[in-house]
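J.: coords below, sequence missing:
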């Protein structure tokens with residue numbers, strides 16, 4: 001049989017197996033055009049397939065569907081893109097349930113950063129969050145499987161499973177410690193929004209956890225409520241929001257932006273501009289909170305508000321996922337998820353790999369906590385009295401308490417940080433004595449870190465946003481005066 005004939009046989013086999021009806025997807029003429037243009041690459045695949053069919057000694061035990069699915073997985077893996085992958089029908093069903101806001105798993109958003117599997121953000125109150133997973137953790141192992149070179153699809157497959165089953169994640173925390181987290185899989189119900197008012201009703205606060213099918217409507221209802229109550233400004237919290245649906249990012253941006261472009265996507269299919277649909281209420285200043293866990297759709301919304309001067313960004317540099325994936329259905333119910341374009345903000349800024357820089361940069365208390373912990377542990381190693389060791393151990397415990405406050409946005413963290421700083425200053429004479437006065441410079445450095453930590457707790461992202469909205473919004477944001485109020 002000649003190669004073109006074999007190619008036709010392979011297409012028929014694919015169609016019969018229900019995996020890939022190329023004639024349906026591309027048209028019959030385009031199918032053979034594809035072969036002719038790529039013959040030097042396709043021929044070895046066809047020959048290899050024929051050898052397997054003819055010579056593999058247990059061919060009757062092989063499910064051809066598995067062969068074809070494996071070839072598609074290999075095709076996507078060779079793209080070397082962490083966001084492109086193949087979904088079997090069963091995998092896509094699980095993926096789709098996650099977009100709808102409920103699935104069984106451990107409850108984390110993950111991404112690839114510096115070629116390592118990284119927790120972008122844990123879902124609030126999920127099993128992983130309760131077990132101690134934190135934004136920025138590097139996942140070293142899932143059970144006994146090393147994650148080096150692991151794809152997102154492979155990681156998700158290992159992390160999800162039956163409700164009540166256990167999985168062990170070995171993680172590298174940002175403070176340099178390594179911890180094995182025992183996580184019991186459960187139904188993950190992804191919350192959409194948290195809504196409240198601050199400063200005696202002057203400021204509306206919305207925290208958006210994900211961009212799923214309900215997000216746009218939930219945000220719209222919250223903003224509508226705020227305007228009925230007469231708020232003077234809005235804090236829109238996108239911290240640790242790993243993104244979601246592009247359509248919902250555009251819907252939500254439209255709640256704040258009156259006219260013009262929200263985002264542009266550019267790729268092989270061309271350039272596509274997405275414009276706001278316009279809002280339906282009076283504009284008020286908006287402060288958008290972001291951090292290293294704000295990614296993808298979060299960055300679309302944040303970048304759009306920043307570029308159109310409809311709000312300012314407050315916090316830390318965002319994650320930097322500026323590419324868009326498209327789902328392509330195949331004949332058997334499986335899907336390809338393929339990165340098809342990069343997105344640009346309204347001012348044509350690239351986000352991929354860089355992230356967004358806040359207008360009001362706030363020191364990350366987690367980074368300062370890591371520095372303070374490391375410095376205190378270094379001090380402890382230089383001390384030779386039991387009493388001095390106990391004092392440092394007590395301060396390390398205080399840091400753990402403050403960490404919990406930070407992760408839960410608990411204002412008590414500010415008071416506890418002040419107490420820690422006072423305790424440190426009170427202990428300096430003891431620590432100097434226990435080191436024969438050898439730690440003067442180290443103690444000064446540690447004190448500077450604790451002062452910076454106290455300042456970051458007093459001027460947290462929320463506090464900074466509140467201060468801006470109450471005192472400086474008119475000077476820095478023209479949104480209220482330049483916006484087009486609509487009925």
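T.: Good, I have the coordinates. Given the structure is predicted, the values throughout are model-derived calculations rather than measurements.
J.: From here on, just use CA atoms for contacts and neighbour counts.
T.: Fine.
J.: Help me confirm that residue 317 is found in a helix?
T.: No - counting by DSSP: H, G, I helix; E, B strand; the rest coil, residue 317 is not found in a helix; it is coil.
J.: check contacts around it.
T.: 290-292, 355-358 (CA atoms under 8 Å, 6 or more residues apart in numbering).
J.: Out of these, which one has the lowest pLDDT?
T.: Checked by pLDDT, the contacts of residue 317 have residue 292 as the lowest-scoring entry (89).
J.: Let me know how buried that residue is, in neighbour terms.
T.: 22 (other CA atoms under 10 Å).
J.: Packing partners of the helix or strand containing residue 340?
T.: Counting by DSSP states H and E, the element that carries residue 340 is strand 335-344. Where contact means 3 or more CA pairs under 8 Å, 6 or more residues apart in numbering; DSSP states H and E, strand 335-344 is packed against strand 85-87, strand 261-267, strand 323-329.
J.: Can you tell me which of those strands is most buried?
T.: strand 85-87 (a mean of 24; mean count of other CA atoms under 10 Å).
J.: Which other helices and strands does it contact?
T.: helix 64-77, strand 335-344.
J.: Following the chain past the shortest one, name the next helix or strand.
T.: Put plainly, it is strand 335-344. strand 360-361.
J.: where does residue 477 land on pLDDT?
T.: 55.
J.: Please apply the same query to residue 92.
T.: For residue 92, pLDDT reads 86.
J.: Ramachandran coordinates for it?
T.: phi -70, psi -40 (degrees, to the nearest 10).
J.: Isn't it up against residue 337?
T.: No - in this structure, residue 92 is not within contact of residue 337 by CA atoms under 8 Å, at 9.8 Å.
J.: Residue ranges in this protein under the pLDDT threshold?
T.: 1-32, 97-102, 408, 473-487 (pLDDT under 70).
J.: how is it carved up into domains?
T.: Taking automatic domain parsing as the criterion, the chain consists of the domains 3-62, 102-189, 193-331+342-362, 365-458.
J.: Near residue 381, how many other residues are there?
T.: Residue 381, neighbours per other CA under 10 Å, totals 10.
J.: where does the nearest residue to residue 202 once chain neighbours are set aside land in three-state SS?
T.: Using CA to CA, 6 or more residues apart in numbering and skipping the chain neighbours, the partner closest in space to residue 202 is residue 231 (4.8 Å). Here residue 231 is coil, with the state taken from three-state DSSP.
J.: list the buried ones in stretch 357-367?
T.: 357-366 (16 or more other CA atoms under 10 Å).
J.: Report all helices and strands that whichever strand or helix holds residue 402 contacts.
T.: Element membership for residue 402, per DSSP H and E: helix 386-407. Helix 386-407 sits against helix 365-381, helix 412-433, with contacts defined as 3+ CA pairs under 8 Å, 6+ apart.
J.: As TSV, those with distance to residue 440 would be great.
T.: Output for those, formatted as TSV (distance: least, CA to CA, whole Å):
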stretch	distance to residue 440
helix 365-381	11
helix 412-433	7
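J.: looking at these, which is closest to residue 69?
T.: Between residue 69 and the helices and strands packed on helix 386-407, the tightest spacing by CA to CA is seen for helix 365-381, at 42.8 Å.
J.: hmm, back to that, now distance to residue 71 too, for the helices and strands packed on strand 335-344, in CSV please.
T.: Shown next, in CSV, are these (distance: least, CA to CA, whole Å):
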stretch, distance to residue 71
strand 85-87, 10
strand 261-267, 25
strand 323-329, 16
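J.: out of those strands, which comes closest to residue 241?
T.: Between the helices and strands packed on strand 335-344, strand 323-329 lies closest to residue 241; by CA to CA that is 15.9 Å.
J.: now the angle between strand 261-267 and the closest one, please.
T.: 70 degrees (axes from the mean of the first three to the mean of the last three CA atoms, to 10 degrees).
J.: Walk me through which strands strand 323-329 pairs with, and which way each runs.
T.: Strand 323-329 has the following sheet partners, assigned by DSSP bridges: strand 335-344 (antiparallel).
J.: ok, back up a step: which residues are in contact with the strand holding residue 340?
T.: 81, 83-89, 92, 263-269, 322-330, 350-352.
J.: what's the overlap in contacts for residue 92 and residue 337?
T.: With CA under 8 Å, 6+ apart, residue 92 and residue 337 have no common neighbours.
J.: quick revisit: quick check: buried residues in the helix holding residue 402?
T.: Those buried within helix 386-407 under the rule 16+ other CA under 10 Å are 388-389, 391-392, 395-396, 399, 402-403, 405-406.
J.: Make JSON lines out of the contacts of residue 317 and add distance to residue 37.
T.: Formatted as JSON lines, these follow (distance: CA to CA, whole Å):
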{"residue": "290", "distance to residue 37": "47"}
{"residue": "291", "distance to residue 37": "46"}
{"residue": "292", "distance to residue 37": "44"}
{"residue": "355", "distance to residue 37": "39"}
{"residue": "356", "distance to residue 37": "41"}
{"residue": "357", "distance to residue 37": "45"}
{"residue": "358", "distance to residue 37": "48"}
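J.: List just the nearest of those to residue 160.
T.: residue 292 (24.4 Å).
J.: any idea what the closest one is structurally, helix, strand or coil?
T.: Going by three-state DSSP: residue 292 is coil.
J.: distance of it from residue 364?
T.: 10 Å (CA to CA, to the nearest Å).
J.: Need the residues touching each of the two.
T.: residue 316.
J.: For the residue positioned nearest the centre of the chain, give me its contacts.
T.: Nearest to the mean C-alpha position of the chain, by CA atoms, centre = their mean, lies residue 242 at 2.8 Å. By CA under 8 Å, 6+ apart, the contact set of residue 242 is 109, 120-121, 210, 293-298.
J.: Let's see which of the residues you listed end up in strands.
T.: Of the positions in these, 109, 120-121 sit in strands, assigned by DSSP state E.
J.: and of those residues, the nearest to residue 281?
T.: Nearest member of the ones in strands among the contacts of residue 242 to residue 281, counting by CA to CA, is residue 121, at 32.4 Å.
J.: Leaving aside the residues adjacent along the chain, what's closest to the closest one?
T.: residue 135 (4.5 Å).
J.: now that neighbour: how far from residue 398?
T.: From residue 135 to residue 398 the distance is 21 Å (CA to CA).
J.: for residue 347, same thing?
T.: 45 Å.
J.: follow-up on the earlier one: so which of the domains of the chain is the most packed in?
T.: By mean count of other CA under 10 Å, the domains of the chain have domain 193-331+342-362 as the most buried, with a mean of 21.
J.: Please state the offset of that one from the chain centre?
T.: 14 Å (CA atoms, centre = their mean, to the nearest Å).
J.: As a markdown table, the domains of the chain with distance to residue 464 would be great.
T.: Below are these laid out as a markdown table (distance: least, CA to CA, whole Å):
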| stretch | distance to residue 464 |
| --- | --- |
| domain 3-62 | 53 |
| domain 102-189 | 21 |
| domain 193-331+342-362 | 7 |
| domain 365-458 | 9 |
